[in-house]
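Asker: Provide a 3D model corresponding to the input given below.
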Amino acid sequence: MKAYPVVLYVEDDPRSRRVMELLLRNEMELQHVTILDDSTDFVLRVGALTPAPDVILLDIHVKPSSGFEMLDMLRGMPAFQGVPIVALTASVMSEEVQKLREAGFHSVIAKPVDVDTFPDLLQRILSGEMVWRIVEQG
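Answerer: Okay, the predicted model is just below:
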């Protein structure tokens, strides 16, 4: 694993993007962070990323393509076959979590993201562990 993992985050909510940007770039001091504010031309934009992401974080409720649709697109791209794709969602009802598992997400993290535990969760995911962090933070 690289000392500084390459992260892609797709999120349409400006506040969530800002929190994650501060967390990844400032707190975790990651050097390669790409944040997309929508899923327009997703395959082209992701395919053009250099270096390629080591982990991909997808908000589920993004337009025009949802997190489920972006997952399908990524799974069709040979370069991303081994990359953990993590769902970030505020919908933590058991039926939605089951849909995320069935769709093939590597892991899920509930939103809002807990800034205290997120760095450890990301490290665990990058180490190959599947993380299903669905407990709402209080």
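Asker: from here on, contacts and neighbour counts on C-alpha atoms
Answerer: Fine.
Asker: give me the most central residue, this structure.
Answerer: Leu57 (0.7 Å; CA atoms, centre = their mean).
Asker: now the phi/psi pair for it, please.
Answerer: Main-chain torsions, Leu57, degrees, to the nearest 10: phi -110, psi 120.
Asker: pairing partners for it in the sheet, please.
Answerer: Beta bridges link Leu57 to Tyr9, Val86 when assigned by DSSP bridges.
Asker: all numbers from here: first residue = 19
Answerer: New numbering, starting at 19: the last item is Leu75.
Asker: so it sits against Tyr27, correct?
Answerer: Yes - with contact defined as CA atoms under 8 Å, Leu75 and Tyr27 form a contacting pair (4.6 Å).
Asker: quick one, what contacts Asp55?
Answerer: Residues near Asp55 by CA atoms under 8 Å, 6 or more residues apart in numbering: Val28, Glu29, Asp30, Asp31, Pro32, Arg35.
Asker: coming back round to it: quick one: pLDDT of the residue nearest to the centre of the chain?
Answerer: Looking at Leu75, its pLDDT is 98.
Asker: quick one, strands of this protein?
Answerer: Secondary structure of the chain (DSSP state E): strands located at 24-28, 50-54, 73-77, 103-107, 125-128, 150-151.
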